[in-house]
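Peer 1: Sequence plus the predicted model coming up.
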Amino acid sequence: MTLATPTDTELETVLAQWLPTQRWFSAKNGAIARVRIAVREPLLAADDLAADHLIVVVELDDGGATRYQVPLAYRAQVPEALAPWALPPGTLPVACYDALSDHDVVVRYLQALEQSQSIGALRFRRSGSAHTVPTGRSRVIGAEQSNTSVVVGESLILKLFRHIQPGINPDLELHMALDAAGCDSVAHLRGWIELEAGSESGTVAIAHQFVPNGVDGWDMAMTSVRDLVAEADLHASELGSDFAGESHRLGETVAHVHADLARVLGSEPREVAIDAMRSRLDDAVRTIPEIADQRRAAEAVFDLAAAAGPTAVQRIHGDLHLGQALRTPSRWVLIDFEGEPVKTIAQRRQPDSPLRDIAGMLRSFDYAGRHPLADAAAGSQSQREFRATEWTARNSDAFCDGYAEVADEDPRDQPALLQAYQLDKAIYEAVYEARHRPSWLPLPIRAITRLVTL
Ligand SMILES: Nc1ncnc2c1ncn2[C@@H]1O[C@H](COP(=O)(O)OP(=O)(O)O)[C@@H](O)[C@H]1O
Ligand SMILES: O=P(O)(O)O[C@H]1O[C@H](CO)[C@@H](O[C@H]2O[C@H](CO)[C@@H](O)[C@H](O)[C@H]2O)[C@H](O)[C@H]1O
């Protein structure tokens, strides 16, 4: 006999309690009026384990509605190791938990991908030649991420988008283009899942080759900066953990990826959408009153950029920072081509200047350089501040040098646009930090002050 699973109504009640506790649930500030199951596709139905793939619509009191993807598994009891993924028992007749934590359910997803199956409204698509489901165990990563990824057998990574929107996700579109270009600075595409639901159709998950032995660029940069803060009498160039060589190589990598994207998806001269930057500033001032004093000066930076005239635009990464770069023993690999999570899919698919990605990385060097200062002991703080500024400048320059060597174009030759993109990113970061990590908010706020007075 197969396991009895909860009714939609039973699940909707429990989901309304559980969803706001999840990191990827973005509507934390709004009160939930109702959770409605829009799609429920059965994936497994055995006597000891059942699983459904759910798309739920969360309706808020303010009238807003967002769609989330929630795979659920059911057993008589939640296995002890999976307890952190359990939903509150409430009135459910069986134990219920996030299905991505259960290896048996993950294997079901991978089999469907491998065979390009359709399960109800879900279309599983394999990319490239036949590949077998990895044999090793699976592990969930991304507790602090916008989405949820599962690594299987240390050879494949399946990422399920949590907040889903209609349309092709840029992460899929750009990886298809980069694979077609033969780019080896990204993880190769292994498959994807689409939801076919009329006007709500779109990409809901992507599988990539897992990059083994990859070290996150942010973690590497942190090691270098921490050494600098501990040895404040050394220059960045004197550190054993100097990062400038890596920054240079990262600049080269980003330039190669931009060139491949332009070659496959095109590039053309166009005015940069400075109005979008102005309206982001307006929204940010409403959320973060501390930056209101900088508004006039920020508008002046945007005015100067608007006067710069047309520049080459193309498809870009869109949310590039050190955490989106993995250093393998042989090269840098860029990941997560989704663009900024706050933008709609249509906005993220708009061509933009490569300067946006370069500015994203420059902001990241600034974050890396200054973040450890908050923890450093007082006393020689000004010396540490000096060293942190030096570290940031050294690595930003190395990155731009590396980029310029490959692109034959130095990003620093367009100072007004580069400054506007950095300022726009710092404004985005301020809103991001206010929402997700309030203790980090001073970092982008100080950057805004610096960027408007350059
Ligand atoms: N192809 C890959 N190989 C190895 N690790 C990866 C790969 N893709 C992502 N990761 C790891 O998973 C984490 C989350 O991936 P990411 O695509 O950035 O998710 P999110 O959209 O949730 O931020 C990354 O920080 C990285 O550590
Ligand atoms: O990786 P995500 O796509 O989820 O990106 C979001 O979260 C990032 C934080 O993890 C955030 O990046 C900001 O903090 C980083 C340090 O943690 C720093 O290196 C980046 O420069 C800074 O922007 C990113 O903005 C946000 O979209």
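Peer 2: Perfect, thanks for sending it. These numbers were taken from a predicted model, which means no experiment stands behind them. Ligands and ions are numbered 1, 2, ... in the order given.
Peer 1: and whichever residue of the stretch 251-400 of the chain sits closest to ligand 1, what is it in contact with?
Peer 2: Going by CB to the nearest ligand atom, ligand 1 is nearest to D336 of the stretch 251-400 of the chain, at 3.5 Å. (Each C-beta comes from the backbone N, C-alpha and C, glycine too.) Counting by CB atoms under 8 Å, 6 or more residues apart in numbering, D336 makes contact with D171, D319, Q324.
Peer 1: tell me which element the closest residue to the last one other than its chain neighbours falls in.
Peer 2: Spelled out, that is Q324. Leaving aside its chain neighbours, Q324 sits nearest to D336 (5.0 Å; criterion: CB to CB, 6 or more residues apart in numbering). When elements are assigned from DSSP states H and E, D336 belongs to no helix and no strand.
Peer 1: L82 is in contact with L100, isn't it?
Peer 2: No: taking contacts as CB atoms under 8 Å, L82 lies outside contact range of L100: 10.2 Å.
Peer 1: between those two, who's got more neighbours?
Peer 2: L100 (22 against 19; other CB atoms under 10 Å).
Peer 1: all helices for the stretch 151-300 of the chain, in order.
Peer 2: Assigned by DSSP state H, counting those that start in this stretch, the helices in the stretch 151-300 of the chain fall at 170-180, 217-230, 244-265, 274-287, 295-306.
Peer 1: For R387, see how far away the residue found closest to S241 once you drop the neighbours it is linked to in the chain is.
Peer 2: The shortest distance from S241 to any non-neighbouring residue, by CB to CB, 6+ apart, is to S224 (4.3 Å). Counting by CB to CB, to the nearest Å, the separation of S224 from R387 is 11 Å.
Peer 1: Could you look up the SS state of Y428?
Peer 2: Look at Y428: counting by DSSP: H, G, I helix; E, B strand; the rest coil, its state is helix.
Peer 1: Next, count neighbours for it.
Peer 2: With other CB under 10 Å as criterion, Y428 counts 20.
Peer 1: That one contacts V342, correct?
Peer 2: Yes: proximity of Y428 to V342 meets the contact threshold set by CB under 8 Å, at 7.4 Å.
Peer 1: How many residues are close by D8?
Peer 2: 12.
Peer 1: State the distance from it to ligand 2.
Peer 2: 31 Å (CB to the nearest ligand atom, to the nearest Å).
Peer 1: Please name the nearest non-neighbouring residue to that residue.
Peer 2: Excluding the flanking residues, the one nearest D8 by CB to CB, 6+ apart is I37, at 4.8 Å.
Peer 1: Enumerate the beta-bridge partners assigned to that neighbour.
Peer 2: V56 (DSSP bridges).
Peer 1: Next, count neighbours for it.
Peer 2: I37 has 17 neighbours, counted by other CB under 10 Å.
Peer 1: likewise H256?
Peer 2: Neighbours of H256 (other CB under 10 Å): 20.
Peer 1: ok, now how distant is it from W440?
Peer 2: According to CB to CB, H256 stands 31 Å off from W440.
Peer 1: next one: L418
Peer 2: Separation of L418 from W440 (CB to CB): 24 Å.
Peer 1: With neighbour numbers in mind, choose between these two.
Peer 2: Per other CB under 10 Å, whichever of L418 and W440 has more neighbours is L418, with 21 against 17.
Peer 1: Pull out the buried positions in whatever helix or strand the more buried one lives in.
Peer 2: Here L418 sits within helix 415-436, counting by DSSP H and E. Buried residues in helix 415-436, defined by neighbour count with 16 or more other CB atoms under 10 Å: 416-434.
Peer 1: and the following helix or strand past that helix, anywhere near ligand 2?
Peer 2: Going down the chain from helix 415-436, the next helix or strand is helix 442-452, by DSSP H and E. No: counting by CB under 6 Å from any ligand atom, ligand 2 is not contacted by helix 442-452; separation bottoms out at 7.8 Å.
Peer 1: tell me how far helix 442-452 is from the chain's mean position?
Peer 2: Helix 442-452 sits 22 Å away from the centroid of its parent chain (CA atoms, centre = their mean, to the nearest Å).
Peer 1: buried residues in it?
Peer 2: L443, P444, I445, A447, I448, T449, L451, V452.
Peer 1: Just put these in CSV and tack on pLDDT.
Peer 2: Converted to CSV, these look like this (pLDDT from 0 to 100):
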residue, pLDDT
L443, 95
P444, 97
I445, 96
A447, 96
I448, 97
T449, 96
L451, 97
V452, 97
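Peer 1: and the least confident helix or strand in the chain by mean pLDDT with helix 244-265, angle?
Peer 2: For the chain, using mean pLDDT, DSSP states H and E, the weakest element among its helices and strands is helix 217-230, scoring a mean of 88. Angle, helix 217-230 to helix 244-265, by axes from the mean of the first three to the mean of the last three CA atoms, to 10 degrees: 160 degrees.
Peer 1: follow-up on the earlier one: same for ligand 2: which of the buried residues of helix 415-436 are within range?
Peer 2: Restricting the buried residues of helix 415-436 to those near ligand 2 - CB under 6 Å from any ligand atom - leaves E429, Y432.
Peer 1: what's the spacing between L113 and L156?
Peer 2: From L113 to L156 the distance is 9 Å (CB to CB).
Peer 1: any shared contact partners between those two?
Peer 2: Each of R190, A207 lies in contact with both L113 and L156 under the rule CB under 8 Å, 6+ apart.
Peer 1: thinking again about what came up before, which strands and helices sit next to the helix holding L418?
Peer 2: Here helix 415-436 touches helix 274-287, helix 295-306, helix 355-370, helix 442-452, going by 3 or more CB pairs under 8 Å, 6 or more residues apart in numbering; DSSP states H and E.
Peer 1: then it to PDB, C-alphas only?
Peer 2: Extracted as PDB, the C-alpha positions of helix 415-436 are listed here (Å, rounded to 0.1, in the frame of the first residue of the first chain):
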ATOM      1  CA  PRO A 415      35.500  56.700 -15.900                       C
ATOM      2  CA  ALA A 416      32.000  58.300 -15.800                       C
ATOM      3  CA  LEU A 417      30.200  55.200 -16.700                       C
ATOM      4  CA  LEU A 418      32.300  52.900 -14.500                       C
ATOM      5  CA  GLN A 419      31.700  55.200 -11.500                       C
ATOM      6  CA  ALA A 420      27.900  55.300 -12.200                       C
ATOM      7  CA  TYR A 421      27.800  51.400 -12.400                       C
ATOM      8  CA  GLN A 422      29.800  51.200  -9.100                       C
ATOM      9  CA  LEU A 423      27.400  53.600  -7.400                       C
ATOM     10  CA  ASP A 424      24.400  51.800  -8.800                       C
ATOM     11  CA  LYS A 425      25.800  48.500  -7.400                       C
ATOM     12  CA  ALA A 426      26.500  50.100  -4.000                       C
ATOM     13  CA  ILE A 427      22.900  51.400  -3.900                       C
ATOM     14  CA  TYR A 428      21.600  47.900  -4.800                       C
ATOM     15  CA  GLU A 429      23.900  46.400  -2.000                       C
ATOM     16  CA  ALA A 430      22.600  48.900   0.600                       C
ATOM     17  CA  VAL A 431      19.000  47.700  -0.100                       C
ATOM     18  CA  TYR A 432      20.200  44.100  -0.100                       C
ATOM     19  CA  GLU A 433      22.000  44.400   3.200                       C
ATOM     20  CA  ALA A 434      19.200  46.400   4.800                       C
ATOM     21  CA  ARG A 435      16.900  43.500   3.900                       C
ATOM     22  CA  HIS A 436      19.100  40.500   4.500                       C
END
